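Participant: Sequence and predicted structure, then a few things I'm wondering about:
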Amino acid sequence: MKTVVVILYNGVELMDFAGPAEVFITTNEQKSFKVVTVADSLSPVITMGGVSVNPDYTYGSVPKADIIVVPGGNMQEFGEVGRQWLKTASTDAYYVLSVCFGAFILADVGLLDGIEATTHHWGLKGLTKAAPKCKVMGCERYIASGKIVSTAGVTAGIDGALHIVEKLLGKEAANWTAGEWMEYQRITNDK
């Protein structure tokens, strides 16, 4: 099983982390991925919409991440300890998935330098300024650039997660997860 570590912080966008988490949890009937959450402390995190979520681990105790999910939201609440952990943990991860404005966190820790990336259409100009060494792309649900997969708005995180499932387990697994389990109309960047 591969470990998916979902970053949480106060003000995180609920669907940004819940959508991708559901993809990884349900893929291959819950036999391929173990999904855990991480935050600065084990105290409940309050999402943008006011939902309380209990993190599984702190940055000092979280297991090695094979996949890291970086959701958007009130990114100013994502602290320095988390940023340092992300920078270090991303070097060994198979994939790092940013959802929506989570791309700004990747930019802040230097993970977008020299690659293509995207974010919610409201943030495209801002991401260009925040990541001047990145080629910021619009009009795509997700951009896969090596191990970094960045996605546009909130539900695009589901498509980014399904892309990772397809890369690791094949198209059949990704399509089953989307169609059979989630009843989700999958959008790919296949041309």
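Facilitator: Received it, and whenever you're ready, just let me know what you need. Numbers count the residues shown, from 1 in each chain.

Participant: From the contact counts, what lies against the helix or strand harbouring residue 19?
Facilitator: Element membership for residue 19 (DSSP states H and E) is helix 14-26. The contact analysis (3 or more C-beta pairs under 8 Å, 6 or more residues apart in numbering; DSSP states H and E) places helix 14-26 against strand 2-7, strand 33-39, strand 67-70, helix 156-169. No exception for glycine: its C-beta is placed from N, CA and C like everyone else's.

Participant: tell me the mean pLDDT over that helix?
Facilitator: For helix 14-26, the mean per-residue pLDDT is 96.

Participant: and the angle from it to helix 156-169?
Facilitator: Going by axes from the mean of the first three to the mean of the last three C-alpha atoms, to 10 degrees, helix 14-26 is angled at 20 degrees with respect to helix 156-169.

Participant: quick one: helix 14-26 to strand 2-7, angle?
Facilitator: Between helix 14-26 and strand 2-7, the angle comes out at 170 degrees (the same axes, to 10 degrees).

Participant: quick one: helix 14-26 to chain centroid distance?
Facilitator: Offset of helix 14-26 from its chain centre (C-alpha atoms, centre = their mean, to the nearest Å): 9 Å.

Participant: coming back round to it: just name the most buried of the helices and strands packed on helix 14-26.
Facilitator: Most buried of the helices and strands packed on helix 14-26, by mean neighbour count (mean count of other C-beta atoms under 10 Å): strand 67-70, with a mean of 28.

Participant: Show me which parts of the following helix or strand past that one are buried, residue by residue.
Facilitator: Where DSSP H and E defines the elements, the next helix or strand beyond strand 67-70 is helix 80-89. Neighbour counts over helix 80-89 (16 or more other C-beta atoms under 10 Å) mark 82-83, 85-86, 89 as buried.
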